[in-house]
Each structure stands twice: as C-alpha cells, then as structure tokens.
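>>> can you look at this prediction? I've put the sequence above it.
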Amino acid sequence: GAVVSQHPSRVICKSGTSVKIECRSLDFQATTMFWYRQFPKQSLMLMATSNEGSKATYEQGVEKDKFLINHASLTLSTLTVTSAHPEDSSFYICSALFQRGNDEQYFGPGTRLTVT
Amino acid sequence: AQTVTQSQPEMSVQEAETVTLSCTYDTSESNYYLFWYKQPPSRQMILVIRQEAYKQQNATENRFSVNFQKAAKSFSLKISDSQLGDTAMYFCAFSPFFGNEKLTFGTGTRLTIIP
C-alpha cells in the first residue's frame, strides 16, 4: 500500500511556457504533500508543503508566483511551473504524508522537466 | 537551521560484505527524527530505516541497522550481507517533527555493490 504517482514522468517545454505536474496518492488520503527539487547528482531540496484546502507553505528562496501549488483534494496536489526558463530544468519529486501513527512520507517517482 | 552531512560521495563493496555509510548532523533541537532513504536508479525514494532521537536503542530493519550516537550527532547506516539490489544512492535525512515532515537531506552516498 501507500503508493504515490506523478504525471508526467518526463516533460519538455519551451522557454516561457507553463507546465503542470500532478502528484496523486493512489490508495490513501493525504492532507499534506511535499514538493522537492533535485538537481543532477545532488540532494533533494524541499520547495513547499502543500496542505489540502489551504495555501501552500513555501521554503525560503522559492518563488511562490513561479511555482504554483494547488492541493485541491485529499489525493491530488499539482505543481505548475509558470513561465519556465532553462534554469528550471530539474527533477521534481513529490511526496505524500501517510498518517497512521508513525507518519511517513511516501515519494512519487519524480518528473524530469527540461526547458528548451 | 539543521544541516546534514554525508562525507562519502561514493562507496563500493563486494556482494555479501558489510558496508557502513556515514552521516553527521547539526541541530539545536532536543528531540528529532533521523532517516536513511534509498534512491535506486528508478529515482523513487524508499525509506530504509528511521530512528527517533529519544530512543537510545539503535533501529534495525533486517539487514539494515544504524549506529546512533546522539552526543556526537552521528547516524551511520550499516548494510550487512550486501546484495546487488542495494546499489543505489543513499540519503541521510533529518526531521524535527513527529513523523517525517520538513525533511532535510544530506548530499547522498552512491553505493555500488560489486558482483
């Protein structure tokens, strides 16, 4: 159990366009989801915490107007990269918090974004 | 702010041998949680083991165990009887909250198991 999916797995977009990434918890409800960014051969950096029904909480240095997060239901959070630029190219990973005593984050498989 | 340091960018070990991955951290919190995550080539992060700082006993999960030294702020991962499927990036992570919210990750250790 506790499966998290992301869609798409890979996306290529042109500079200046926007792209939406979906994160779904398939077999549990998640009031809290997280979005991370991972540069090549580097660690994961938390971008924001997404809570169902409320505004996301962004980490310091993350532009909230550029990385729009919507957690519209207990199983879906979306990250929209607006006006993408080549420096936004990265691996984006979401996770969902499965609260069952020992809370645990379950991670999605990630989305590789390439901006040309 | 918390920091997590993994000083071994890459390691390799023969299959069936034991390997230890190092992790140190810095925090002013008195209670917190430490984790080791595995990221295989598929890129999906998998929780390997977790340790609650108020528990003195080292956590163990099958072939995986930790050596938690709270005073030294050290949290190493030992993999016994290593298997080819253990080949992956391993990240040490810290959370100041119950559960594992607000994770801070180390830079990772790339572990290769040699047949």
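Everything's here; your move.

>>> buried stuff in the helix or strand hosting A:Tyr36?
With elements taken from DSSP states H and E, the one containing A:Tyr36 is strand A:32-38. Taking 16 or more other Cβ atoms under 10 Å in any protein chain shown as the basis for neighbour counts, the residues of strand A:32-38 that come out buried are A:32-38. For the C-beta atoms, the positions are set from N, CA and C on the backbone; glycine is no exception.

>>> for these, which one is nearest B:Ala16?
Within those, the smallest distance to B:Ala16 is 31.0 Å, found for A:Gln38 (Cβ to Cβ).

>>> mind listing what that closest one touches?
With contacts defined as Cβ atoms under 8 Å, 6 or more residues apart in numbering or on different chains, A:Gln38 is in contact with A:44-45, A:90-93, A:110.

>>> per-residue confidence at it?
A:Gln38 is assigned 92 on the pLDDT scale.

>>> repeat that for B:Asn100.
In this prediction, B:Asn100 carries a pLDDT score of 60.

>>> now A:Glu87, what are its backbone angles?
Here is the backbone geometry of A:Glu87 (degrees, to the nearest 10): phi -70, psi -10.

>>> who's the closest residue to B:Leu21 other than its chain neighbours bridged to?
If the residues on either side of it in the chain are set aside, B:Leu21 comes closest to B:Leu77, at 4.5 Å by Cβ to Cβ, 6 or more residues apart in numbering or on different chains. With beta bridges defined as DSSP bridges, B:Leu77 has these partners: B:Leu21, B:Val66.

>>> B:Leu77 contacts B:Cys23, correct?
Yes. Counting by Cβ atoms under 8 Å, B:Leu77 touches B:Cys23, with 7.1 Å between them.

>>> between these two, what contacts are shared?
With Cβ under 8 Å, 6+ apart applied, the overlap between the contact sets of B:Leu77 and B:Cys23 consists of B:36, B:92.

>>> looking at chain A, which helix or strand is least sure?
strand A:104-107 (a mean of 89; mean pLDDT, DSSP states H and E).

>>> please save the CA atoms from that strand in PDB.
As requested, the backbone C-alpha atoms of strand A:104-107 are provided in PDB (Å, rounded to 0.1, in the frame of the first residue of the first chain):
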ATOM      1  CA  GLU A 104       5.700   8.500   6.900                       C
ATOM      2  CA  GLN A 105       6.300  10.300   3.600                       C
ATOM      3  CA  TYR A 106       5.800   8.200   0.500                       C
ATOM      4  CA  PHE A 107       7.500   9.500  -2.500                       C
END
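
>>> in its sheet, what does that strand sit against?
Strands flanking strand A:104-107 in the sheet, each with its direction: strand A:90-98 (antiparallel) (DSSP bridges).
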